[in-house]
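sequence and predicted structure, then a few things I'm wondering about:
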Amino acid sequence: MFGPNGAGKSLLAELIRGRLRESRSHVHYAAGFDPARDILTVSFEEQQRLWRRDERLDVSDFQADAQDQGTTLAALIRAARTIAEQDGRLFDALVAELGLGGLLEQGIRFLSSGQIRRGLIARALYGQQQGRQRLLIFDEPLEAVDRDSRERLQSVIAAHLGQNCASLHLCRRAQDRFPGATHLLVMERLRAVSQGPMDEAAFAQAAQAFRRRHAIPSRLPMPPAMQRPSADSGGDGKKDAGIGGIGEIEGKSSPLIKLRGVNAGYGDLQVLCDVHWVMEAWHHVLIEGPNGCGKSTLLGLIDGENHLGYGEQVYLFGRRKGSGETVWDIKRRFGVVSNELHNRYVKGWRVLDVVVSGFFDSVGLYDDSGGSEHEHARAWLETLCAGHLAADFYHHLSFGEQRLVLLARAMVKQPDILVLDEPCVGLDDFHRDFILGTLELIAAQAPTRLIYVSHAPGEQPGCINQRLRFVADPGGGFRIEQSRL
């Protein structure tokens, strides 16, 4: 199934899964086929559903060690079969082929997005059985997977798809098309515009049609009650008192971020090992590394989300973290787009409220907001070609559309540092090109510096001038190699 963001692919998949009210009237299944049991899905929406369920059932407050692993990765995979149907040989083979051996007893909430992705692939493939028809739905299964694993995972999926199993592959980008597809359904604007046996010419024509471009805006919206520095200030101008709180940038001599011999781990698991890093005031940073190496942990150390940064030599804007500032003082200086933030927005919030909440660094809108904040939020949605979504419910949007909304949320307060943890995940080619172009505009016009995490080769804005690469350390954990671009 091929189509751009918002075409209706995920909605159709939910209809087929029996998750919509209309499913009872419009979807008919073969005799004995139970969609709740016999359809297995790999998607970001499924990851969010599992994450939220474990968050809801978390009982760590009542545990002696204050830890609740929730659903372990092993339990997630085995749940595809009943106890009587378990197949130890197939389970072990999938675990080995997908590189999950050291993760089986970890809770899925504590895994990286790419690691959970591999777990969902293992669950789907493990669910195939002789004598039972099943449908596997793969919604961009290789998204958020590190570059070294993509070809291997694609080969594992192709090798394990059995004769008793049909599969539906949802695809936004031509290069991510599954090579074993036998039929093609092209969708656009909630309609099936063509369908039939796989036709290379038809696929190429659809892919070309979806490569249309939006003109990158020429100027960014001006934040309310904030004076933007002049273009020749290098982005180092002062901000008003409402944005400061942990020390102002003192020209190019004061690094924005400095880490000295930082270590971080969870229990016996060492994640970061003796990390040294300096981000100067003119840097735009690319962070690369395999799934589970500690990229998200590193980001959490600096943006206030992770308590492990306290007690370590972490310096932000010329001041050591933990020397009197509050977590909210830190958050005011950062805008964030990440999978973790994405998971926190549950049902009930309008898109405009999600964007306005960026002024208050909250998940949801609980503070009094004025007309200027709403006006600026609308301006950012228009800038990102999402103005028509303002009154929609956030949870009704496609994953890619939600990603655009989170970028608008991050930028409404014009942060000193914009942290982008795989911002193009879930976006089609059109929106990826648009976002990368907009990020270059932000780097050129705003006093905002970028920290950009990506697994996709070459998928980064042109302003990037520093690279951090995570490398496995022989003693455990990962160290960082720093270089200029």
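Arrived safely. Bear in mind the structure is a predicted one, so any value in this text is a computation, not a measurement.

where does the stretch 1-150 of the chain have low pLDDT?
Across the stretch 1-150 of the chain, the ranges flagged by pLDDT under 70 are 59-68.

hmm, 50 instead?
Scanning the stretch 1-150 of the chain for pLDDT under 50 picks out the ranges 61, 66.

what about the strands in it?
Using DSSP state E, counting those that start in this stretch, the strands of the stretch 1-150 of the chain run over 39-42, 134-139.

name the residues that touch the last one?
Think strand 134-139. Strand 134-139 is contacted by residues 9-10, 13, 16-17, 38-46, 121, 124-125, 127-128, 157, 161, 164-170, 178 when judged by Cβ atoms under 8 Å, 6 or more residues apart in numbering. Using the backbone N, CA and C atoms, a C-beta is placed for each residue, glycine as well.

and the pLDDT at the residue most central in space within the chain?
By Cα atoms, centre = their mean, the chain has its centre lying nearest to Asn339, at 3.5 Å. pLDDT, Asn339: 81.

contacting residues around the helix ranked longest in the chain?
Ordering each helix of the chain by length in residues (DSSP state H) puts helix 429-445 first. Contact with helix 429-445 is made by 4-5, 172-174, 210-214, 216-217, 219-220, 231, 284, 383-385, 400, 404, 407, 411, 418, 420, 423-424, 427, 448-450, 452, 459-463, as judged by Cβ under 8 Å, 6+ apart.

do the same with stretch 378-390
Contacts with stretch 378-390, where a contact means Cβ under 8 Å, 6+ apart, come from 214, 217, 220-221, 350-352, 355, 377, 397, 401, 404-405, 407-408, 411-412, 434-435, 438.

mind listing what's buried in it?
Arg378, Ala379, Trp380, Leu381, Thr383, Leu384, Cys385, Ala386, Leu389, Ala390 (16 or more other Cβ atoms under 10 Å).

which residues of the stretch 351-485 of the chain fall in helices?
Assigned by DSSP state H, counting those that start in this stretch, the helices in the stretch 351-485 of the chain fall at 351-356, 371-383, 399-411, 429-445.

to Arg117, which of those helices lies closest?
Closest approach to Arg117 among those (Cβ to Cβ): helix 399-411, 13.0 Å.

quick check: angle from that closest one to strand 134-139?
Here helix 399-411 points in a direction 30 degrees away from that of strand 134-139 (axes from the mean of the first three to the mean of the last three Cα atoms, to 10 degrees).

how is the chain divided into domains?
Taking automatic domain parsing as the criterion, the chain consists of the domains 9-209, 249-484.

pick the most buried one from the ones you listed.
domain 249-484 (a mean of 19; mean count of other Cβ atoms under 10 Å).

part of a strand, is Gly261?
Yes: under DSSP: H, G, I helix; E, B strand; the rest coil, Gly261 falls within a strand.

hang on, it packs against Trp277?
No: counting by Cβ atoms under 8 Å, Gly261 does not reach Trp277; the two are 10.6 Å apart.

before we move on, the earlier item: could I get the strands of the stretch 1-150 of the chain in TSV, plus columns for distance to Gln106?
As requested, the strands of the stretch 1-150 of the chain are exported to TSV (distance: least, Cβ to Cβ, whole Å):
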stretch	distance to Gln106
strand 39-42	19
strand 134-139	23
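
contacting residues for Arg37?
Residues counted as contacts of Arg37 (Cβ under 8 Å, 6+ apart): none.

if we can go back for a sec, tell me what angle the longest helix of the chain forms with helix 399-411.
Interaxial angle of helix 429-445 relative to helix 399-411 (the same axes, to 10 degrees): 10 degrees.

need the contact partners of stretch 150-160.
For stretch 150-160, the external contacting residues (Cβ under 8 Å, 6+ apart) are 94, 97-98, 118, 121, 125, 128, 138, 141-142, 145, 178-180.

mind redoing it with 6 Å?
For stretch 150-160, contacts defined as Cβ atoms under 6 Å, 6 or more residues apart in numbering pick out Glu97, Leu125, Leu142, Gly180.

what's the answer for stretch 70-77, then?
The list of residues contacting stretch 70-77 from outside it, by Cβ under 6 Å, 6+ apart, reads Asp54, Leu103, Leu104, Glu105, Gln106, Gly107, Ile108, Arg109, Gly119, Ala122, Arg123, Tyr126.

return the per-residue confidence for the nearest residue to Tyr345 once chain neighbours are set aside.
Once flanking residues are discounted, Tyr345 sits nearest to Tyr394: 5.6 Å by Cβ to Cβ, 6 or more residues apart in numbering. We note a pLDDT of 92 for Tyr394 in this prediction.

repeat for the one 10 residues further on
Note on Leu404: pLDDT of 89.

give the contact list for it.
For Leu404, the contacting residues are Leu384, Ala386, by Cβ under 6 Å, 6+ apart.

quick one on the thing from earlier: show me which pair in the buried residues of stretch 378-390 is furthest apart.
Largest separation among those by Cβ to Cβ: Ala379 and Leu389, giving 13.9 Å.

quick one on the thing from earlier: just the closest of the contacts of stretch 150-160 to Gln86, please.
Closest approach between the contacts of stretch 150-160 and Gln86, by Cβ to Cβ: Leu125, at 14.4 Å.

for Arg134, see how far away the closest residue to Ile257 other than its chain neighbours is.
Sequence neighbours aside, Met279 is the residue nearest to Ile257 in space, at 4.0 Å (criterion: Cβ to Cβ, 6+ apart). To Arg134, Met279 is 48 Å away according to Cβ to Cβ, to the nearest Å.

ok, Tyr266 next?
From Tyr266 across to Arg134, the span is 36 Å (Cβ to Cβ).

just Ala472 next, same as before
For Ala472, the distance to Arg134 (Cβ to Cβ) stands at 37 Å.

and the gap between Ala446 and Gly107?
Here the criterion is Cβ to Cβ. By it, Ala446 lies 38 Å from Gly107.

actually Arg350, not the one I wrote
Distance, Arg350 to Gly107, by Cβ to Cβ: 32 Å.

ditto for Glu288
Noted for Glu288: a distance of 26 Å to Gly107, by Cβ to Cβ.

equivalent analysis for Gln414, please.
For Gln414, the distance to Gly107 - Cβ to Cβ - is 37 Å.

repeat that for Gly309.
Counting by Cβ to Cβ, the gap from Gly309 to Gly107 is 22 Å.
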